[in-house]
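Trainee: Pasting a predicted model and its sequence here:
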Protein chains: 2
Amino acid sequence: MKETKLCPRLSKAMELLGKRWTTLILYQLLEGPHRFNEIESALPVSGRILSERLKELEREGIVERKVYSEVPVRVEYSLTEKGVALEGAIREIEQWSQAWLK
Amino acid sequence: MKETKLCPRLSKAMELLGKRWTTLILYQLLEGPHRFNEIESALPVSGRILSERLKELEREGIVERKVYSEVPVRVEYSLTEKGVALEGAIREIEQWSQAWLK
DNA sequence: TAAGAAAAGTTACTTTTTGTAACTTGCTGA
DNA sequence: TCAGCAAGTTACAAAAAGTAACTTTTCTTA
């Protein structure tokens, strides 16, 4: 695949945020930590893809995964500082959608 | 596919902006009108998908397509008012990427 | 003493999206 | 008459996403 002539960091950002469900997952996490099943039932995303996305976001340091050894086990996902820093962008998209869609 | 419990307008927005290449195409158009081939060579996007994305964006009233009957024909794509309204969101993503990536 | 149940995934398989590269159409200039 | 350009489109291959059933561990209930 060719290289972009555009800003490589924006490209990288869009490689993450532009993947299906990623931004909606982050939007959900803006409200606080959530468990795997909570996110899965709040969004029309399959467990397979949710698992994949959360791993990517964790790998990028945007999301943090915490395991609580209860029974049954509880796993919570939350935003790191880097993740919280995306709030401005997500809110802008939200506002645009309110102003311009439907 | 299930319904989202999240804001349906944000979901709709992400259905558009979350498609591969869409935001980078819009970013390019923030700099002014561009021809099909200009966008195609600025981004690592295939003509097939570029064509598809531009049609979606046109259908949504975000991008405008103008044909100039020159020889060979010239076609220019530019942002509508609705498209320009996305600038804030795109700039926020750009800033985040500058601040937090690599 | 099984037989669920619940949470967080994973697996195997199907359907959709993307990517690639070649082709089309209309006109021009050599 | 042939080559070339712009803006796509087509046919086919590869990658990503959707679906549903299954796994694992530890209680709870019948």
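Mentor: Looks like it came in fine.

Trainee: May I have the residues that are in contact with the spatially most central residue of chain A?
Mentor: The residue lying closest to the centre of chain A (Cα atoms, centre = their mean) is residue A:26, at 3.2 Å. Neighbouring residues of residue A:26 by Cβ atoms under 8 Å, 6 or more residues apart in numbering or on different chains: A:17, A:57, A:62-63, A:79, A:83, A:86, A:90. From N, CA and C alone the C-beta is placed, and that goes for glycine too.

Trainee: Please tell me how far it sits from DNA strand C.
Mentor: In this view, residue A:26 and DNA strand C are 16 Å apart by Cβ to the nearest atom of the strand, to the nearest Å.

Trainee: pLDDT on the strand or helix carrying that residue, on average?
Mentor: Under the criterion of DSSP states H and E, residue A:26 resides in helix A:22-29. For helix A:22-29, mean pLDDT is 98.

Trainee: Check stretch A:58-67 too.
Mentor: Per-residue pLDDT over stretch A:58-67 has a mean of 97.

Trainee: Need the phi and psi values for residue A:45.
Mentor: phi -110, psi 140 (degrees, to the nearest 10).

Trainee: That one: neighbouring residues, count only.
Mentor: Residue A:45 is flanked by 22 other residues according to other Cβ atoms under 10 Å in any protein chain shown.

Trainee: residues contacting the residue nearest to residue A:79 when sequence neighbours are not counted?
Mentor: Nearest non-adjacent residue to residue A:79, counting by Cβ to Cβ, 6 or more residues apart in numbering or on different chains: residue A:29, 4.9 Å away. For residue A:29, the contact set (Cβ under 8 Å, 6+ apart) comprises A:39, A:63, A:77-79, A:83.

Trainee: Next: residue A:94.
Mentor: A:27, B:7, B:9-10, B:13.

Trainee: if you look at these, which of them are in helices?
Mentor: By the criterion of DSSP state H, membership of these in helices covers A:27, B:9-10, B:13.

Trainee: Could you list the residues of chain A in contact with DNA strand C?
Mentor: Of all the residues in chain A, those in contact range of DNA strand C (Cβ under 7 Å from any atom of the strand) are A:1, A:35-38, A:47-48, A:51, A:54, A:65, A:72-76.
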